[in-house]
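1. Let's see this in three dimensions:
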Amino acid sequence: MAQLIPLTWSLVVPVKVLARAKSRLTGMTGPRRAALALAMAADTVASAAACPAVGAVIVVTDDIAAGAALAALGALVVPDQPGAGLNQALVFGAGYAAARWPDRGRAGLAADLPALEPAEIGRALAEASRWPEAFVPDAAGSGTTLYTAGPATAFCPRFGPGSRDRHRAGGAAELDLPDVPGLRRDVDTRGDLRDAALLGLGPRTAALAAGLT
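-> Numbering: from 1, shown residues only. Below is the predicted model of the structure:
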């Protein structure tokens, strides 16, 4: 019997300009908050790049410092040409990837997953390959941390408040994966950061999170 060839994925990670990132992380100065946002993005990108199912990590950002740091981790960095928000940046990055690797799946990943493990991405992408569109909800149960579309499927991310319901309403399959806690734990508040620390922070985030967790 012929073996099915596992699908390879282009993973798009949008990164906000650091000076405007993570405003809900209270009790931190602007520069420290920006540094933590970059550290979380770097840990996220490093884990994504280490997943064998990921053929390329495309970072969409207009932040020069973030772009340089994430490119050093192996990401392909492109400017946010739409400049019209998260979902438009994801669509732009996915289009960039599809033009170069049309046979790959495309996925959009949140940039604030400091407890993410490469194996978690692999498990999620393997399950996602069974569906035209799929998504992983966040730990809170209302948002989304990962959205995927197969090679022949339109890429229509619906990130933002209430995105779980919007992805479901749009026909994407919700992936029920209890063994990917780092993939589901995005960080917007200090409480989120403490919860991520219980799972195990990536090295860059851990170096900056002392005293906040």
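2. C-alpha only now, for contacts and for neighbours.
-> OK.
3. can you give me the helices in this structure?
-> 30-49, 64-71, 86-100, 118-128, 163-169, 181-184, 190-199, 203-209 (DSSP state H).
4. need the ones you listed in a markdown table with mean pLDDT, distance to residue 6 and mean neighbour count, can you?
-> Output for these, formatted as a markdown table (pLDDT from 0 to 100; distance: least, CA to CA, whole Å; neighbours: other CA atoms under 10 Å):
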| stretch | mean pLDDT | distance to residue 6 | mean neighbour count |
| --- | --- | --- | --- |
| helix 30-49 | 94 | 17 | 23 |
| helix 64-71 | 97 | 26 | 18 |
| helix 86-100 | 97 | 18 | 20 |
| helix 118-128 | 98 | 8 | 20 |
| helix 163-169 | 97 | 24 | 18 |
| helix 181-184 | 98 | 21 | 24 |
| helix 190-199 | 95 | 29 | 17 |
| helix 203-209 | 93 | 30 | 17 |
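5. Nearest the middle, which residue of the chain would you pick?
-> Centroid check for the chain by CA atoms, centre = their mean gives residue 109 as the closest residue, at 2.1 Å.
6. Identify the bridge partners of it.
-> Applying DSSP bridges to residue 109 gives these bridge partners: residue 146.
7. Tell me if I'm right that it and residue 137 touch.
-> No: Residue 109 lies out of contact with residue 137 (CA atoms under 8 Å); the separation is 11.4 Å.
8. Count residues in the vicinity of residue 57, would you?
-> Using other CA atoms under 10 Å, residue 57 has 28 other residues around it.
9. With residue 140 instead?
-> 11.
10. Make 32 the first number, not 1, from now on.
-> All right, first residue 32 from here; so that's residue 171.
11. how near is it to residue 154?
-> 20 Å (CA to CA, to the nearest Å).
12. hmm, back to that, check contacts around the residue nearest to the centre of the chain.
-> 42-45, 176-178 (CA atoms under 8 Å, 6 or more residues apart in numbering).
13. how about 10 Å then?
-> 42-45, 75-76, 79, 88, 90, 121, 152, 166-167, 175-179, 190, 214 (CA atoms under 10 Å, 6 or more residues apart in numbering).
14. Check the gap between it and residue 119 for me.
-> 13 Å.
15. Could you do residue 95 as well?
-> Taking CA to CA, one finds residue 95 at 20 Å from residue 119.
16. Kind regards, and thank you for your time.
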